[in-house]
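Chemist: Build me a structure from this.
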Amino acid sequence: MNKFSLLLLVVFLLSSTIVSAQQDDRNAITTAVPFIIIAGDAKAAGMGEQGVATSPDAYSGQWNPAKMAFIESKYSVGFNYTPYLGNLVNDIGLMQLSYVNRLDERSAFGASLRYFSLGTINTRRDASDVGLDVKPNEFAFDATYALKLDDQFSMAVSGRFLQSNLRLNGLDDLQDASPASSFGVDIGAYYQSEQKTYTDFDGRWRGGLNISNIGPKVKYSDAGEENFIPTNLKIGGGFDFILDDYNEVFVGLEFNKLLVPTPPRFGRVDSNGDGEITNDDDVVIVAGQDDDVNFFTGIFQSFGDAPDGFSEELKEITWSLAAEYTYDDVFALRLGYFNESDLKGARKFATLGAGFEFNSIDLDLSYLFSTGSVRSPLENTLRFGLTFSFGDKYEEY
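Modeler: You can find the predicted model right below:
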C-alpha cells in the first residue's frame, strides 16, 4: 500500500462518506466516522444492507438491537470480515465481533466490537524522505439491553463508544491532530407476529424501527471543524411466506434517513448596496438553514432544512428491497437492492448472498455489484462471516 501513500487515504475518506462532491449538482450529507454505518455482517450485506426487520441474529446490534429479545439461541457469537477498496489494496478492512446472551424469556444482552483498519500508510515530507509507516484505524464498542414488552413486541437501548485515529505522525501540518472520540445511543423497537394461516401458506409479519448513533459531534484537532456522527433513522417491515415445513421466503422493504443537517446553499448578496454583486460582497446562506448547530438540534432540523424544500428532503431517504429463501433452516439464498438519489450520493447496487448451517455453525457469504454511475468501494467484494450458536433454545412465533 505504500505506493499509494496519502492519495489513497484521501480516496478512502471520500468513498467512505456518502458524497460525490466533485459534481456540483449534488448536495450530499457528509459525516465523521462513516465506518459505523458500513454493513458489518455478510447476512445483511447480501440483502441490500437491510436489517431493521429481518430475522434476529448475532449482528442485530448494528441494525435493530430490539431484535435480540427474539433470538432463539441462549448464546450467539459472530465474526465477520469485510475487505474495503479490495480492487486497489489488500490491507483495508472492517472486522466485527458480536455477542448476544439471551438472559431469559423476555430479555437479552449483547455487545459488539467493530474495528476498521486503513492498513499501512507511508508518510513523507518530500521525495528524499524515507518516510514513516503509520497505521490509522477506527473502532466502536457497544453494549445493548433488549426487553420484550409483550410476546410480540420488544424495545432496546444501546450505548456506543467510538474513536477515530486518523493522525499521520511525521507530517508537520498535522502535529496538533489527535484521535477523535465520541459516544452514541441507539433506541430500537421490533415487532414479530404470531404465525398465521392463509389460503395456501402460513405467514409471519415483522416490523422494526431504530434510531442509531445519537451523540455529540467530533473534531480531529483543537482548531478543526466539528463534524456530526452519522445519526440515522431506519424503519422497515417484512413478511415470511412459510410454504411448508422446509421452505420459507422472506421479503422486506426498508427506508433510511440520516438525521444530520443538510448543507445550506451559499451565495453572494449586494451587502454594500452598490447595486452590483462582486467578490467584495458577503457570502451568505441563500437557501436552507445554518448547519452549525449541536447534534440534538440537528436531529430535528434534518427533517426540514434541505435548500430545495420537501422534494429534496424526500431525496435524502434511501430504500432497499430484500428477499431470502430458506430451506429447512440449513441453507439460504439472498438477494437485495439498495437505492440512493443521484442528488445525495448516487449509491445504487445489487447484492447476492448465501448462508449455510452445520452443527450450530452458520457460514454467510455476500457479494456486491454497482448498478449506478458511482462505483461502490465494496464493488466485487466477497464478504464472509461465521456465527456460533449454543446453549438452550427458546421457542418464538
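Chemist: need the helix or strand of this protein with the lowest average pLDDT.
Modeler: Comparing every helix and strand of the chain by mean pLDDT, DSSP states H and E singles out helix 5-16 as the least confident one, with a mean of 42.
Chemist: Just the CA atoms of the following helix or strand past it, as CSV, please.
Modeler: Later in the chain than helix 5-16, the nearest helix or strand by DSSP states H and E is helix 42-45. The C-alpha trace of helix 42-45 is given here as CSV (Å, rounded to 0.1, in the frame of the first residue of the first chain):
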residue,chain,number,x,y,z
ALA,A,42,-22.4,-10.8,5.4
LYS,A,43,-26.1,-11.7,6.0
ALA,A,44,-27.4,-8.1,5.9
ALA,A,45,-24.8,-7.2,3.2
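Chemist: Which elements pack onto the following helix or strand past helix 42-45?
Modeler: Next helix or strand after helix 42-45 toward the C-terminus (DSSP H and E): helix 60-63. The helices and strands touching helix 60-63, judged by 3 or more CB pairs under 8 Å, 6 or more residues apart in numbering; DSSP states H and E, are strand 93-102, strand 107-117, strand 202-214. For glycine as for every other residue, the C-beta is placed from the backbone atoms N, C-alpha and C.
Chemist: I'd like those as CSV, with distance to residue 152 and mean neighbour count appended.
Modeler: Listed next are these as CSV, based on distance: least, CB to CB, whole Å; neighbours: other CB atoms under 10 Å:
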stretch, distance to residue 152, mean neighbour count
strand 93-102, 17, 21
strand 107-117, 15, 20
strand 202-214, 9, 21
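Chemist: For residue 166, find the nearest of the ones you listed.
Modeler: Ranking those by distance to residue 166, with CB to CB as the measure, places strand 107-117 first at 10.3 Å.
Chemist: Which neighbours in the sheet does the closest one have, and how are they oriented?
Modeler: With DSSP bridges as the test, strand 107-117 is paired with strand 93-102 (antiparallel), strand 137-150 (antiparallel).
Chemist: List the buried residues for the following helix or strand past the longest one?
Modeler: For strand 137-150, the succeeding helix or strand toward the C-terminus, using DSSP H and E, is strand 153-165. Of the residues in strand 153-165, those with enough neighbours to count as buried (16 or more other CB atoms under 10 Å) are 153, 154, 155, 156, 158, 160, 162, 164, 165.
Chemist: The second one: what's its closest spatial neighbour, skipping adjacent residues?
Modeler: Same thing as residue 154. In this structure, residue 154 finds its nearest non-sequential neighbour in residue 69, 3.8 Å apart by CB to CB, 6 or more residues apart in numbering.
Chemist: Spit out the contact partners of the one you found.
Modeler: Counting by CB atoms under 8 Å, 6 or more residues apart in numbering, residue 69 makes contact with 56, 106, 107, 108, 146, 147, 148, 154, 156, 190.
Chemist: that older thread, redo the buried residues of strand 153-165 as CSV? Include distance to residue 139 and pLDDT.
Modeler: Output for those, formatted as CSV (distance: CB to CB, whole Å; pLDDT from 0 to 100):
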residue, distance to residue 139, pLDDT
153, 33, 96
154, 28, 97
155, 27, 97
156, 22, 97
158, 16, 97
160, 11, 96
162, 7, 93
164, 8, 88
165, 8, 85
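Chemist: Distance to residue 27 and mean pLDDT added to the helices and strands packed on helix 60-63, as CSV?
Modeler: Shown next, in CSV, are the helices and strands packed on helix 60-63 (distance: least, CB to CB, whole Å; pLDDT from 0 to 100):
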stretch, distance to residue 27, mean pLDDT
strand 93-102, 27, 94
strand 107-117, 26, 95
strand 202-214, 21, 96
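Chemist: Check the gap between residue 184 and residue 220 for me.
Modeler: Separation of residue 184 from residue 220 (CB to CB, to the nearest Å): 17 Å.
Chemist: Can you check which of the strands paired with strand 107-117 gets nearest to residue 258?
Modeler: The closest of these to residue 258 is strand 137-150. By CB to CB, the value is 17.1 Å.
Chemist: what about that closest one, average pLDDT?
Modeler: On average, the pLDDT along strand 137-150 is 95.
Chemist: buried sites along that strand?
Modeler: Under the neighbour-count criterion of 16+ other CB under 10 Å, strand 137-150 has 137, 138, 139, 140, 142, 143, 144, 145, 146, 148 buried.
Chemist: Put the alpha carbons of it into PDB.
Modeler: Provided in PDB are the C-alpha atoms of strand 137-150 (Å, rounded to 0.1, in the frame of the first residue of the first chain):
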ATOM      1  CA  ASN A 137      -7.600   3.000  12.500                       C
ATOM      2  CA  GLU A 138     -11.100   3.500  13.900                       C
ATOM      3  CA  PHE A 139     -13.100   1.400  16.300                       C
ATOM      4  CA  ALA A 140     -16.500   1.300  18.000                       C
ATOM      5  CA  PHE A 141     -17.600  -0.800  21.000                       C
ATOM      6  CA  ASP A 142     -21.200  -1.000  22.000                       C
ATOM      7  CA  ALA A 143     -23.400  -2.800  24.600                       C
ATOM      8  CA  THR A 144     -27.200  -3.500  24.400                       C
ATOM      9  CA  TYR A 145     -30.000  -4.400  26.700                       C
ATOM     10  CA  ALA A 146     -33.200  -5.600  25.000                       C
ATOM     11  CA  LEU A 147     -36.600  -6.400  26.700                       C
ATOM     12  CA  LYS A 148     -39.900  -7.900  25.500                       C
ATOM     13  CA  LEU A 149     -42.800  -5.700  26.400                       C
ATOM     14  CA  ASP A 150     -45.200  -8.400  25.400                       C
END
